[in-house]
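# just to be clear, the model below is a prediction. Sequence and coordinates:
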Amino acid sequence: KNEVEQSPQNLTAQEGEFITINCSYSVGISALHWLQQHPGGGIVSLFMLSSGKKKHGRLIATINIQEKHSSLHITASHPRDSAVYICAVRPPLSGNTPLVFGKGTRLSVIA
Amino acid sequence: GAGVSQSPRYKVAKRGQDVALRCDPISGHVSLFWYQQALGQGPEFLTYFQNEAQLDKSGLPSDRFFAERPEGSVSTLKIQRTQQEDSAVYLCASSLGDGMNTEAFFGQGTRLTVV
């Protein structure tokens, strides 16, 4: 079973700071997702990537397949970025397989 | 609808009571997943449907848990004789295709509290 580890577990930042959240996994994957979960439970998909780097607004996600590691970066952080950020991986099997999730990183951005 | 809709948003059940949680996926989405998220943890897989077929139910924790998607759209997760350890957020996700790299869209979840 793929083990997904995230660090840090909790992160407090001042508004404007550059933030990095890390994700490591133990077994090869077909895709990695970064998800955002606000209080109340709803999850929003931020990125799905299988190689390289993706950018959307102030968010950047990178993945290194050889090292089995991904990072999520937030530039110019803002209090509205406060949420739990979850890394999830999809095993390299054919068809649609369930995601395996990390425990999440709780981010608080203070004004 | 515009997104994945789950109901109810919150449910309080007395221990031993049966509950039914509903998921309305995005129209036309083939794949539907149910996940269970305990407090402070990441979601854990429960079961997967491709259209009306339940292809994987290996994550269901006991035979008290039952899921169905009879017409390949709306799905219901039923928990019989609820126990306190069933307290969690139950998340539903749907995706358009049945391939490896189709993006998943999540609902708001149902927070179940068993007292």
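The structure has been received and is ready for your questions.

# from here on, contacts and neighbour counts on C-alpha atoms
Noted.

# for residue A:12, give me its contacts.
Shown in contact with residue A:12 (Cα atoms under 8 Å, 6 or more residues apart in numbering or on different chains): A:107, A:108, A:109, A:110.

# where does the third one fall, secondary structure wise?
So the one you mean is residue A:109. Here residue A:109 sits within strand A:105-110, counting by DSSP states H and E.

# name the helices or strands packed onto that strand?
strand A:10-14, strand A:83-90 (3 or more Cα pairs under 8 Å, 6 or more residues apart in numbering or on different chains; DSSP states H and E).

# pick the most deeply packed of those.
With neighbours defined as mean count of other Cα atoms under 10 Å in any protein chain shown, the helices and strands packed on strand A:105-110 peak in mean count at strand A:83-90, which reaches a mean of 25.

# can you lay out the helices and strands packed on strand A:105-110 as JSON lines showing distance to residue A:59 and mean pLDDT?
Output for the helices and strands packed on strand A:105-110, formatted as JSON lines (distance: least, Cα to Cα, whole Å; pLDDT from 0 to 100):
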{"stretch": "strand A:10-14", "distance to residue A:59": "16", "mean pLDDT": "97"}
{"stretch": "strand A:83-90", "distance to residue A:59": "12", "mean pLDDT": "94"}
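
# please identify which of those strands is closest to residue A:41.
With respect to residue A:41, and counting by Cα to Cα, the nearest of those is strand A:83-90 at 9.7 Å.
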